[in-house]
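> Generate coordinates for the sequence data below:
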Amino acid sequence: EDEVVEYGGGWVQAGGSLKLSCVASGFTFDDDAIGWFRQPPGKQREPVSCISASTGATYYTDSQGRFTITIDDARNAVYLQISSLKPEDTAIYYCATGSDLMDYGLGCQWEYDHWGRGTQVAVSS
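Numbering: from 1, shown residues only. So this is what the prediction gives:
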């Protein structure tokens, strides 16, 4: 079965950092784009970042430089490093894979084929 699973969520104090992992099984990223999204409590899901598996191009919704997305083709994994965590980063973080539409200026917001179940990140002040 093709699926992606997120790991690495947890509780952390403001100012700390976390590294989330997204691991695919049953398929390889090949020419896909992989996106990280989050859904804060009571809010809609929003894009955080995405990366092209073929070109390595990246996009970040937050321009403050606190998020870094990387890909490890050998492990079929994509990572999201989050630094200087803030309470407003509290959310369920989701990983998704799909067609690479990063050249179209869509800001990671397009239809994806596979979604993970999410991993909870909680940041205390």
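> so residue 103 sits in a helix?
Yes - checked against DSSP: H, G, I helix; E, B strand; the rest coil, residue 103 lies within a helix.
> Show me which residues of stretch 77-94 are buried.
Of the residues in stretch 77-94, 77-80, 82, 85, 89-94 count as buried by neighbour count, 16 or more other Cβ atoms under 10 Å. From N, CA and C alone the C-beta is placed, and that goes for glycine too.
> Sitting in helices, which of those do you find?
Residues from the buried residues of stretch 77-94 lying in helices, with DSSP state H as the criterion: none.
> Pull the most distant pair out of those.
77 and 90 (23.8 Å; Cβ to Cβ).
> Which of the buried residues of stretch 77-94 fall within strands?
77-80, 82, 91-94 (DSSP state E).
> quick revisit: make a markdown table from the buried residues of stretch 77-94 and add pLDDT and distance to residue 19 to it.
Output for the buried residues of stretch 77-94, formatted as a markdown table (pLDDT from 0 to 100; distance: Cβ to Cβ, whole Å):
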| residue | pLDDT | distance to residue 19 |
| --- | --- | --- |
| 77 | 97 | 11 |
| 78 | 98 | 11 |
| 79 | 98 | 6 |
| 80 | 98 | 7 |
| 82 | 97 | 8 |
| 85 | 97 | 11 |
| 89 | 97 | 13 |
| 90 | 98 | 17 |
| 91 | 98 | 16 |
| 92 | 98 | 16 |
| 93 | 98 | 11 |
| 94 | 98 | 16 |
